[in-house]
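Enquirer: Using only what follows, build the 3D model:
(one chain, ligands or ions: 1)
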Amino acid sequence: MNYTVMMPAAGSGTRMGAGHNKLFLELEGQTILAHTLSVFERDPWCEGIILAVKESERSKIEQIIKRAQITKVKSLPEGGTERQHSVAACLAAHKTRGIVLVHDAARPFIAQHVIHKLADSAYEFGAAVAGVKVKDTMKYVKDGIIEETADRERLWVIQTPQAFRYELLEQASRNAERAGFLGTDEAMLVEHDGKEVRIVESTYDNIKMTTPEDLAYGGYLLKKRLE
Ligand code: C5P
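Expert: The predicted structure is shown next:
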C-alpha cells in the first residue's frame, strides 16, 4: 500500500549533548537525517515526504536534501515546541486522504519489510505501530521502592513508524489539541479517541539516536550493513 511519510525533524536533541540538532551528526560520512530520508527515497511505496523543520535550520536541511539527492520531499512545514506539534504541522501541510506514516528522523535503521507491513495494516485496520517485545524484567517503582512487577508477556517497546489512515490521525490530532492532551507518540492520540491500534513486530536495531552510546551502536550497524 502506497503512503506518505511525515517526519518530525525539529527537535533540539539535548540528550545527545551535541550542541546542535543531533540529526546533523554524521555516520559513515552522511548525516543521520540523510540516512533516514534515503530509506524512504529508496522505497517504491513511498509517494512523498513531509519534513517538519525548525525555521533556523531550514536552509541547512535543504542543503542536506539536495546533497543526498532526495527527490520525494513535498514540503517543509515549520515544527513546533513539542514533537506532537511538529506532527500536527505535517498533517496541516498534507491534507490528502490515504495512508500516512509518522517516522522519527532520528531512526535511520528502519527495515523496509516493517514499513510495508505497517502501511498494509493501517490500510486494513486504521492504525498500526512498530514495536518489539521487552527483553528485560519491568517494574513499577515509586520513591525508590518497587511497587509491582509488570507482566512482561504483555509489554512492548513502541517505536516509529506509526501508520494511520490520514483522516483517523488528523481527527485524533485535532481532538488532542482541543483537549490539551499531550501524547508521547501518535498512537496515544488515537487511543485517546477510543480507537484500536495494532502492533506490527519490528526489529531491535530500529533504534532512535538519542544519547552518545546510540551513535557508537549506529556506526556499528551501518558498517555491518555496508559489508
Ligand atoms: O527528542 P526525540 O528523540 O524524542 O525526538 C524524536 C523526533 O521528533 C526527532 O526526529 C526530532 O527531531 C523530532 N522532534 C520534532 N519537534 C519537536 C521535538 C522533536 O520534530 N518539538
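
Enquirer: Helices of the protein, start to end?
Expert: 32-42, 58-67, 83-94, 112-125, 166-179, 186-192, 212-226 (DSSP state H).

Enquirer: Let me have those helices in JSON lines, extended by mean pLDDT and mean neighbour count.
Expert: Using the backbone N, CA and C atoms, a C-beta is placed for each residue, glycine as well. Output for those, formatted as JSON lines (pLDDT from 0 to 100; neighbours: other CB atoms under 10 Å):
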{"stretch": "helix 32-42", "mean pLDDT": "97", "mean neighbour count": "21"}
{"stretch": "helix 58-67", "mean pLDDT": "97", "mean neighbour count": "15"}
{"stretch": "helix 83-94", "mean pLDDT": "95", "mean neighbour count": "21"}
{"stretch": "helix 112-125", "mean pLDDT": "98", "mean neighbour count": "19"}
{"stretch": "helix 166-179", "mean pLDDT": "96", "mean neighbour count": "17"}
{"stretch": "helix 186-192", "mean pLDDT": "97", "mean neighbour count": "22"}
{"stretch": "helix 212-226", "mean pLDDT": "89", "mean neighbour count": "13"}
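
Enquirer: what's the closest of those to Lys142?
Expert: Nearest to Lys142 among those is helix 186-192; the distance by CB to CB comes to 22.2 Å.

Enquirer: and this structure, which residues reach the ligand?
Expert: The chain has residues 8-11, 23, 52, 79-83, 86, 104-106, 208, 210 near the ligand, with proximity defined as CB under 6 Å from any ligand atom.

Enquirer: Selection in ChimeraX covering whichever of these are buried, please.
Expert: Buried residues among the residues of the chain next to the ligand (16 or more other CB atoms under 10 Å), as a ChimeraX selection:
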select :8,9,10,11,23,52,79,80,83,86,104,105,106,208,210
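
Enquirer: In strands only, show me the residues of the chain next to the ligand.
Expert: 8, 52 (DSSP state E).

Enquirer: List the residues that contact Tyr217.
Expert: Ile207 (CB atoms under 8 Å, 6 or more residues apart in numbering).

Enquirer: who's the residue of the chain most remote from its centre bridged to?
Expert: No residue in the chain sits farther from the centre than Ile145, which is 33.1 Å out by CA atoms, centre = their mean. For Ile145, the beta-bridge partners are Lys142 (DSSP bridges).

Enquirer: got the helices of the chain as a markdown table, with distance to Ile158 columns?
Expert: What follows is the helices of the chain, written out as a markdown table (distance: least, CB to CB, whole Å):
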| stretch | distance to Ile158 |
| --- | --- |
| helix 32-42 | 18 |
| helix 58-67 | 26 |
| helix 83-94 | 14 |
| helix 112-125 | 12 |
| helix 166-179 | 16 |
| helix 186-192 | 7 |
| helix 212-226 | 17 |
